[in-house]
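Engineer: Okay, predicted coordinates and the sequence, questions at the end:
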Amino acid sequence: MHLLKHKEKIPEKVYSVLEKRFSVLRPCQVKAINQGLFEDKNMVICTPTASGKTLVGELAVINAVFHDKGKAVYIVPLRALASEKYNEFKERYSFKTAISSGDIDSSDDYLSDYDLIITTSEKFDSLLRHHTPWLKQVKVVIVDEIHLLNDASRGPTLEILITMLRMLLKNVQIIGLSATIGNPEQLANWLNAELVLDTWRPVRLDQGIYLDGEIEFY
């Protein structure tokens, strides 16, 4: 749907940034906006790969920085992904972006000077436990690959992290992103979040069986 049709639902400063890159919004982005993305509601975005859910997270970041005048934290499961996201945000946006995914025994006080902090769940868990002063300025936390709550190695840390966040920051907005949540309704209920479900994808996905040079599609 054309971006202009949703202008009245998007904060002015967010819209001015968004219109420089996009003229059309994808279905999950429209649903997120209609369900309260810019009203500080928690959200679980469960849509296919390449459907546009990452931009929902970016919109929440832009809203936190430019509209709410606060900080944003973007949590990814791997340090390599943290570096990738850091480079993407640095290239796209003018706000000050930092990456923090190293020493888990450091409180990283220098991050108080940055608008967006990209980090791993293990590192952010450490920052919470160090009672880092700038945490009280955080307005939104994006949890990428939130389905890893079910992962045997990373799940417990992520679950405790989210629980601590909700206890320490009463007004924080949490946005969970995933393409593969097995129990999205249950997760949304736990987070007291709006659930955004959609099946749209930019390229149709067909399934079939390959045998002797031929593919038989379902």
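Structural biologist: It's in.
Engineer: Check the secondary structure at the most centrally placed residue in the chain for me.
Structural biologist: The C-alpha lying nearest the average C-alpha coordinate of the chain belongs to I142 (CA atoms, centre = their mean; 3.3 Å). At I142 the chain is in strand, as set by DSSP: H, G, I helix; E, B strand; the rest coil.
Engineer: which one is it nearest to, not counting chain neighbours?
Structural biologist: When the adjacent residues along the chain are set aside, I142 lies closest to G57, with 4.2 Å between them (CB to CB, 6 or more residues apart in numbering). The C-beta positions use only the backbone N, C-alpha and C, and glycine is treated the same way.
Engineer: And the helices in the chain, which stretches?
Structural biologist: Taking DSSP state H to define them, one finds helices in the chain at 12-18, 27-34, 53-62, 79-92, 121-129, 155-168, 184-190.
Engineer: Find me the pLDDT at S107, would you?
Structural biologist: With respect to pLDDT, S107 scores 63.
Engineer: What are the buried residues along stretch 174-190?
Structural biologist: 174-178, 181, 184, 187-188, 190 (16 or more other CB atoms under 10 Å).
Engineer: Quickly list what the nearest residue to L187 once chain neighbours are set aside is bridged to.
Structural biologist: Spatial nearest neighbour of L187, excluding adjacent residues (CB to CB, 6+ apart): V44 at 5.6 Å. Beta-bridge partners recorded for V44 (DSSP bridges): G176, L195.
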